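Colleague: Need coordinates for the below:
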Amino acid sequence: MATRGPYRKGEVVREEILQAADELLSERLPAEVSVRDVAERAGVQHSVVHRHFETKDRLLAEVVKRTAERYADAIAEGDDPAAGFVAGMTYMADHRAAFSALARTVASASVRDDIDRFPGFETHLRRLAPDAVDDTSPVPDPAPGEPVDPRALGAALMALTSGWAFLEDWWLASAGLRPSDREAVRAQVAVIIQQLIDHHAPPP
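Modeller: Numbering: from 1, shown residues only. Down below sits the predicted model:
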């Protein structure tokens, strides 16, 4: 077991446990990560992990919440919808290990029961169409020339930006692009996001 000093305050230990879980979940599936694994990586007894989080599922939920809240903080500035999605994509790409852990963990049904919506999504949706945030009506069939439902647009843009961020190196290689093209390609993706919003978002 790693040693991190004779005494650490409770909030420091809690953060170290979350960081250890984050690291392990970026390397393995949640089912392959035990509380003892997390305790060993954090340099604490496994009983300390239970004292802070009670159960493994509670710990996994906290890992997801922490990462998602940091994403929400990263997109908090401004009110431009396209800029928000680009900021989110960039943050995910630059913190890929943490979001790999989030993606692996969210695949666990027990965690999805605790966190049914990605915290940053509401911010994106509010910028696209404020009235859509609390809209629970059925999504209508698309009509030619009409804007699509902003909830569908927001979800599609989240899929685009997160998919790009998680597999950016692969997409670059698949397109025959070089790592040195990364920033220019991100700028091109930003243009695509803006064009999608301009074409499909409802008028303000």
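Colleague: Within the helices and strands, which one has V139?
Modeller: When elements are assigned from DSSP states H and E, V139 belongs to no helix and no strand.
Colleague: With adjacent residues omitted, what lies nearest to it?
Modeller: Spatial nearest neighbour of V139, excluding adjacent residues (CB to CB, 6 or more residues apart in numbering): D149 at 4.6 Å. Glycine gets a C-beta too; all of them are placed from N, C-alpha and C.
Colleague: I figured the one you found hits S137, correct?
Modeller: No: taking contacts as CB atoms under 8 Å, D149 lies outside contact range of S137: 9.0 Å.
Colleague: Show the contacting residues for the residue nearest to V139.
Modeller: A132, V139, P140 (CB atoms under 8 Å, 6 or more residues apart in numbering).
Colleague: among those residues, who's most crowded?
Modeller: In terms of neighbours by other CB atoms under 10 Å, the contacts of D149 top out with A132 at 18 neighbours.
Colleague: what's the neighbour count on W171?
Modeller: W171 has 15 nearby residues by other CB under 10 Å.
Colleague: now it, what's its secondary structure?
Modeller: When classified by DSSP: H, G, I helix; E, B strand; the rest coil, W171 comes out as helix.
Colleague: Would you quantify the distance from it to D94?
Modeller: Distance of W171 to D94, given as CB to CB, to the nearest Å: 16 Å.
Colleague: and if you look at Q188?
Modeller: To D94, Q188 is 18 Å away according to CB to CB.
Colleague: Good, wrapping up.
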